[in-house]
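J.: give me a model of this one.
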Amino acid sequence: MKSIIKQKVKGGYTVDISAFLPASVSHVRRDQPLQAGDVVDVSIEHIEGEKIVLSRKKFIEERSSDLLATLKSGDILDGEIVNKCDFGLFVNIGPFDILTHKNDHHPEKFFGYEVGDLVKIKILEIRDDKKVCGKLLNKILAAGERCENDS
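T.: As a prediction, the model looks like this:
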C-alpha cells in the first residue's frame, strides 16, 4: 500500500492512514530520511487494538524476494550508482544494491563514474546467500550527450 508521510514525530513518522511508521523500519538508507509529503510503499507490521504499525522495510524485503526470484545471470537492468568505494561501485536497481567490482572495469571507465550516474548493469551471478554481483555495461546518457569510451 502507498502512504503519504504527514510529519516527523519522536521515534518515527505519522502517515495519512492514521498509522505509525517507526523510524527503525522506515529507511532503506539512513542518509535518505523521509520528509512530510513523501509517498512511500509500506506493509502493515502489526495491529495493536486501534493502533496500526507500518513497515517500509518489510515491504522492501518482500519486493526484493520477488525480484530475486525472477533474476538470472545475463539479465540487463537499469540502475543508479549509489556508492563508490575503493573496491567497486554499488548500483541500486530498486529494492537493493548490486556490487560491481573494480576489477571488472577498465580503469579509465571506473574513475569516470560518479554517485548519481544512471547505468546499465548486467547480472553476473546470484549467490546462494542471495548476494547479487554484476558488471556495469555503460552509462545511460542524457539526450545529445556522447561518451567515446562506453562499449
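J.: how many neighbours does S26 have?
T.: Residues contacting S26 under the criterion other Cβ atoms under 10 Å number 21. No exception for glycine: its C-beta is placed from N, CA and C like everyone else's.
J.: what sits against it?
T.: G12, Y13, L34, V40, R56, K57 (Cβ atoms under 8 Å, 6 or more residues apart in numbering).
J.: 7 Å instead?
T.: Residues near S26 by Cβ atoms under 7 Å, 6 or more residues apart in numbering: G12, Y13, L34, R56.
J.: likewise for K135?
T.: Contacts of K135 (Cβ under 7 Å, 6+ apart): T100, D104, I121, K122, L124.
J.: hmm, which of these is lowest in pLDDT?
T.: Lowest pLDDT among the contacts of K135: D104, with 73.
J.: if you skip the residues just before and after it, what's nearest to that residue?
T.: Ranked by Cβ to Cβ, 6 or more residues apart in numbering and with sequence neighbours excluded, the top spatial neighbour of D104 is K135, at 4.7 Å.
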